[in-house]
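next comes the sequence, and after it the predicted model I'd like to discuss.
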Amino acid sequence: MSSEPADSASTDTFDVIVLGAGPAGENAAQYAIAGSDRTAALVEHELVGGECSYWACMPSKALLRPTQVLTTATHMPGVQQHVTTEHVDTPAVLTRRDRFTSGHDDSSQVLWADAAGIDVIRGHAHLTGPRTVTVDGDHPRTLHARHAVVLATGTLATVPDLPGLRAALPWTSRDATNLQQIPRRVLVLGGGVVACETATWLRQLGADEITVVVRGARLLARVEPFASDAVAAAMRTRDVQVRFGTEVTSVTRPDARDTGIGMIHGGPLTVELTDGTTLEVDELVVATGRRPAVDHLGLDTVGLDARKITVDDHLTVDHLTVDGVDGAWLYAVGDVNGRAALTHMGKYQARVCGDVIAARAENRPLDDPRYRASADHQQIPQVIFTVPEVSAVGHTADSARAAGLDIEVLEADIDVAGAALHRDDFTGHAALVVDRTTDVLVGATFVGSEVAELVHAATVAIVGKVPLDLLWHAVPAYPTISEVWLRLLETRRP
């Protein structure tokens, strides 16, 4: 059912029109029409599958996983003796990454849309009025929505307006995840998730000199300090230089040229820092944040602020009234609404949004909890795939106190039989944030080797508001790293 451009300007009507065909957009369209005769269109100007599939989650994790395997192998007697290199086989890693991104061919994603009964329309789309979308291109089209328009356009990488930086054509996250050349000397600007993960895989892929420049006092400022400290310490151990309280003042690259995504964009860069240091590097990766992709969406045509979007828990866009009629036809899901910039949360929002659209289309009430995106409120899980890994959900101790909660923090080193079996030099730490008033978890953080699988149990406990006296009876299997849950709960014993 994929829709090809018409020979001339055309007008089409769908029940649901989704702008942006990334994971959030795909899920919103699927859930809105599933099990019905409703119609849906996905409008996409790049690749169906979006940022996550081709430039973010999938390629970055494909680059990081071999690092994890090699790190574990080099610390495992009986295996470490057979590891003859400190770096992975870079060409093999890049080939495997390219398999996960399908060589930037979205045909399989389009086939999925076809099978789900969703039309795919190529082009740049923008609102031109209530329930009306115009798709620009060689063959312009005007689309009308009977029930809903969903904005799922994601975010764009930001490049600070520093002297010479933009002219130097630095790498953004898209270049870093799709790198074809490994720069020998790299400066990574930023201290968040993208910066830390990028430094991790660049080091393992063979970059010799990596400098991470951080304006603040620590990496990963939104996680517990013990977790960010562990990541910083591991970087230094791996010969990654981290400079805190430092900023770039100017960048010079006389022969900057666009050589293609993931390619080194010219000769060396000269970078001046606020501490008076001058560095020469082969590439500079900017990882200083992202902004909602709302440019040219036509928000002003329906009376909205053209710079941002906010939504309620039904994912309906706030403050939308056109000709005196409440705007329950316009929704926004995923990174574009600014609530939780993570793919799994975008997909979660999209499922809620699609169900809300379906319920409204069928005149069903919205009093069921599944019609509200409640997990966006301090129940958000995340895994940061650095060395060591960080996994967390809900509040940190600081954010809980800032929210006015009376809390208790339970902490323990991850020093259990399962951890020792995992690798001889396993080190890790865990913390649970407990609301004293209700005696339930409101946050959890784990740092250590491959702790990603610990976070879902914490997520279930937080979402389910499980009291700690009941968690005592959730027995962790032996010998697993999950035994740390027992150690954490034991800290409360009199």
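Perfect, thanks for sending it. Numbering: from 1, shown residues only.

residues contacting stretch 382-390, please?
60-61, 64, 67-68, 71, 193, 196-197, 200, 220, 223, 227-228, 230-231, 234, 238, 342, 391-393, 427-428, 445-452, 455 (C-beta atoms under 8 Å, 6 or more residues apart in numbering). All C-beta spots, glycine's among them, are computed from the backbone N, C-alpha and C.

next one: stretch 394-401
222-224, 378-380, 403, 405, 407, 409, 431, 433, 435, 441-445, 458-459, 462.

in the stretch 251-400 of the chain, which ranges drop under the pLDDT threshold?
321-327 (pLDDT under 70).

tell me the helices in it, going along the chain?
According to DSSP state H, counting those that start in this stretch, the stretch 251-400 of the chain carries its helices in the segments 343-361, 397-402.

which of these is buried the deepest?
helix 343-361 (a mean of 23; mean count of other C-beta atoms under 10 Å).

and that one, what does it pack onto?
helix 23-33, strand 141-151, strand 330-332 (3 or more C-beta pairs under 8 Å, 6 or more residues apart in numbering; DSSP states H and E).

quick one: buried residues of the shortest one?
Spelled out, it's strand 330-332. 330-332 (16 or more other C-beta atoms under 10 Å).

looking at the residues you listed, which one is closest to Glu283?
Ala332 (34.6 Å; C-beta to C-beta).

contacts only, for that closest one.
150-152, 309, 311, 315, 317.

any idea how far it is from Leu205?
36 Å (C-beta to C-beta, to the nearest Å).

hey, where'd the strands end up in the stretch 201-350 of the chain?
209-213, 240-243, 248-252, 269-273, 278-281, 283-286, 290-292, 321-322, 325-326, 330-332 (DSSP state E, counting those that start in this stretch).

got these as TSV, with distance to Leu486 columns?
Formatted as TSV, these follow (distance: least, C-beta to C-beta, whole Å):
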stretch	distance to Leu486
strand 209-213	36
strand 240-243	34
strand 248-252	47
strand 269-273	47
strand 278-281	47
strand 283-286	41
strand 290-292	39
strand 321-322	54
strand 325-326	51
strand 330-332	42
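
right, and the ones you listed - which one's nearest His144?
strand 330-332 (13.5 Å).

residue contacts, Thr252?
164, 168, 269-271.

which of those residues are buried?
So, by 16+ other C-beta under 10 Å, the buried ones in the contacts of Thr252 are 164, 168, 269, 271.

contacts only, for Leu441.
394, 432-435, 458, 461-462, 466, 468, 471.

err, Ala431, not the other one
224, 226, 397, 409-411, 444-445, 488.

tell me what it is bridged to.
For Ala431, the beta-bridge partners under DSSP bridges are Glu411, Thr445.

residues near Ile261, how many?
17 (other C-beta atoms under 10 Å).

that one and Ile384: what is the separation?
Ile261 is 24 Å from Ile384, by C-beta to C-beta.

ok, now Arg38?
39 Å.

settle it for me: which of those two has more neighbours?
Under the criterion of other C-beta under 10 Å, the comparison of Arg38 against Ile384 puts Ile384 first, with 23 against 20.
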